[in-house]
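In: predicted model, plus sequence, below.
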Amino acid sequence: MSSTPQGSRAQWNSRTGFILAAAGSAVGLGNIWRFPYITGENGGGAFVLVYLLCILLVGAPVMIAEIMLGRTARSSPVNAFRSLSSRREPWVGVGILGVLAGFVLLSYYSTVAAWAVHFTFLSLTDSIAGGSADAIKGLFDQLTGNVALGVGWQLGFLALTVGVVSAGVTSGIERCSKVMMPALFVLLLVLMANSFTLDGWNEGMEFLFGMRLESLTAQSVLEALGQGFFTLSLGMGAMITYGSYLSSKDDLTSASLATAGTDTLVAIMASLVLFPIVFTFGLEPGQGPDLLFVTLPTALAQMTGGAILSVLFFVMLVFAALTSAIAMFEVAAAYLQEEFGATRKKACLIAGAAVAAIGIPATANSQWFGVADNIVSNWLLPLGGLGVALFVAWRMDAALRRGEFEAGSRLAGFYGTWLWILKYPVPVCIVLVFLSAVGVL
């Protein structure tokens with residue numbers, strides 16, 4: 001199958017721009033709170049080792065496959081599967097799953113992102129510093145109980161996302177990623193330096209890296225597999241779409257590994273920020289959203305320089321949320337452009353209105369939030385990732401697949417190993433994650 005001519009499609013200005021944008025897609029709110037607490041609950045350092053293996057043996061191979069699909073077809077998920085297979089085959093359904101997953105995910109992800117924006121505002125207006133636990137919980141309850149306030153911040157966040165994506169691949173997404181991702185790392189480093197001075201630093205390091213093998217169970221391995229898969233934004237078409245803007249001269253294998261490595265580094269750095277605070281103030285690390293919007297703000301409010309630390313922390317959350325939201329939104333926008341011939345700005349406006357229409361109920365109704373999260377996390381993402389792995393490993397033209405893997409690659413010698421992993425261990429692991437997520441295992 002011939003692919004879209006390279007010159008007719010937007011491209012990243014540089015390999016670095018692609019890596020920062022792709023890493024921004026992968027780095028999200030889950031890195032900041034979910035990875036730290038499941039690590040502590042599942043054996044600390046032993047879990048980290050298993051997680052790294054899962055990233056290397058499952059996450060990275062699927063990421064390479066997704067980026068390869070996009071670059072080969074020079075199109076977003078639906079057209080990528082359509083152009084690389086026969087119209088009589090059902091593979092295009094995998095692309096549709098990806099677009100749907102990113103669309104629904106953004107609809108409720110924007111709710112949590114709106115909370116981060118609101119708490120950034122509260123920090124900037126000095127409404128958190130010195131506050132008691134009850135006072136800060138009151139602020140969070142006021143936010144979640146006030147539909148108009150929550151929807152207002154959500155629409156503001158979506159408007160910002162639409163604005164970045166409508167500016168284009170290089171002028172919008174890449175330029176924004178080149179600012180926000182380095183800034184995210186700087187903020188993490190500043191917060192880590194502060195955590196290093198806390199009394200709970202040593203206890204936090206033991207909690208994170210101590211080899212508690214007795215806490216590592218078969219369920220822990222499934223947790224590591226699931227986190228390793230979901231944290232890289234796999235199964236929702238983002239990496240296929242971003243890969244379609246990657247030059248054929250770039251080494252997609254090393255770029256994929258660099259993206260996966262950056263995402264993992266952020267997760268570990270976030271743990272180095274959070275755990276010392278958790279143990280210094282005797283907090284509970286496994287609280288989910290309350291950890292970010294009640295417990296940690298309460299601790300930060302009592303610390304020296306708490307007003308500044310709160311601003312830095314919530315700005316970091318907003319950056320993490322926005323880089324992920326941009327990637328999810330680009331999937332929908334690219335689909336509308338290719339499928340219906342819409343201009344980028346028109347596609348962004350239509351997609352933005354549709355996401356808002358579905359997302360507002362998630363802000364107004366926590367039950368809808370839970371239903372949407374269950375559908376995406378437990379069904380759409382694993383099925384989409386499985387479809388990508390099976391298609392690239394078993395259906396994609398062998399010569400085309402090898403050529404894409406080896407083009408400009410310093411890791412061309414690993415083609416056979418990568419293909420074997422993608423054919424056999426990866427589908428088995430994804431099925432196990434799926435069965436665990438739906439409660440069969």
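Out: Received the coordinates, thanks.

In: part of a helix, is Ser75?
Out: No. Per DSSP: H, G, I helix; E, B strand; the rest coil, Ser75 lies outside any helix segment and is coil.

In: give me the number of residues near it?
Out: If you count neighbours by other C-beta atoms under 10 Å, Ser75 ends up with 27. Where you see a C-beta, it was placed from the backbone N, CA and C, and this is true even at glycine.

In: how near is it to Arg395?
Out: Distance, Ser75 to Arg395, using C-beta to C-beta, to the nearest Å: 17 Å.

In: what pLDDT does the residue lying closest to Arg175 once chain neighbours are set aside get?
Out: Sequence neighbours aside, Ala167 is the residue nearest to Arg175 in space, at 7.7 Å (criterion: C-beta to C-beta, 6 or more residues apart in numbering). Ala167 is assigned 97 on the pLDDT scale.

In: look up phi and psi at Ala167.
Out: Recorded main-chain torsions at Ala167 are phi -70, psi -10, according to degrees, to the nearest 10.

In: that one: neighbour count?
Out: 17.

In: what does Val440 give?
Out: Using other C-beta under 10 Å, Val440 is surrounded by 9 other residues.

In: ok, Ser14 next?
Out: Using other C-beta under 10 Å, Ser14 has 14 neighbouring residues.

In: angles on the backbone of it, please.
Out: The phi and psi values for Ser14, taken as degrees, to the nearest 10, are phi -150, psi 160.

In: run through the residues that contact it.
Out: Contacts for Ser14 were tallied using C-beta atoms under 8 Å, 6 or more residues apart in numbering; there are none.

In: from the chain's centre, how far out does stretch 251-267 sit?
Out: Relative to the mean C-alpha coordinate of its chain, stretch 251-267 is positioned 13 Å out (C-alpha atoms, centre = their mean, to the nearest Å).

In: buried ones in it?
Out: Neighbour counts over stretch 251-267 (16 or more other C-beta atoms under 10 Å) mark 251-264, 266-267 as buried.

In: likewise for stretch 322-340?
Out: Applying a neighbour-count criterion of 16+ other C-beta under 10 Å, the buried positions in stretch 322-340 are 322-338.

In: of the buried residues of stretch 251-267, which belong to helices?
Out: If you go by DSSP state H, the buried residues of stretch 251-267 have 252-264, 266-267 in helices.

In: Leu380: which of those is nearest?
Out: Closest approach between these and Leu380, by C-beta to C-beta: Asp263, at 20.1 Å.

In: excluding residues flanking it in the chain, which one is nearest the closest one?
Out: Ala26 (4.0 Å).

In: could you do Thr120 as well?
Out: Sequence neighbours aside, Phe314 is the residue nearest to Thr120 in space, at 4.0 Å (criterion: C-beta to C-beta, 6+ apart).

In: the one you found: what's it in contact with?
Out: Ala116, Phe119, Thr120, Ser123.

In: try 10 Å
Out: Contact analysis of Phe314 by C-beta atoms under 10 Å, 6 or more residues apart in numbering lists 115-124, 128, 187, 292-293, 296-297, 300.

In: drop anything exposed from these.
Out: 115-120, 122-123, 128, 187, 292-293, 296-297, 300.

In: any idea how far the residue nearest to Asp263 lies from Val186?
Out: Ala26 sits at a distance of 19 Å from Val186 (criterion: C-beta to C-beta).

In: more neighbours: these two, which one.
Out: Taking other C-beta under 10 Å, Ala26 and Val186 do not tie; Ala26 has more neighbours (27 against 12).

In: ok, the residue nearest to Asp263 touching Met328?
Out: No. Look at Ala26 against Met328 with C-beta atoms under 10 Å: they stay out of range, at 11.6 Å.

In: tell me, what's touching these two both at once?
Out: In terms of C-beta under 10 Å, 6+ apart, Ala26 and Met328 are both contacted by the residues Ser233, Ala238.

In: mind checking which helix or strand the residue nearest to Thr120 is in?
Out: Under the criterion of DSSP states H and E, Phe314 resides in helix 306-340.

In: I'd like the average pLDDT over that helix.
Out: With pLDDT averaged residue by residue, helix 306-340 scores 95.

In: repeat that for stretch 343-359.
Out: Across stretch 343-359, the average pLDDT comes to 95.

In: in CSV, list the C-alpha atoms belonging to it.
Out: Extracted in CSV, the C-alpha atoms of stretch 343-359 (Å, rounded to 0.1, in the frame of the first residue of the first chain):
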residue,chain,number,x,y,z
THR,A,343,-10.0,22.9,8.0
ARG,A,344,-7.9,22.5,11.2
LYS,A,345,-9.7,25.5,12.9
LYS,A,346,-13.2,24.2,12.0
ALA,A,347,-12.3,20.7,13.1
CYS,A,348,-11.0,22.0,16.4
LEU,A,349,-14.2,24.0,17.0
ILE,A,350,-16.5,21.0,16.2
ALA,A,351,-14.4,18.6,18.4
GLY,A,352,-14.2,21.1,21.2
ALA,A,353,-18.0,21.6,21.3
ALA,A,354,-18.5,17.8,21.2
VAL,A,355,-16.0,17.2,24.0
ALA,A,356,-17.7,19.9,26.1
ALA,A,357,-21.1,18.5,25.5
ILE,A,358,-20.0,15.1,26.8
GLY,A,359,-17.6,16.5,29.4
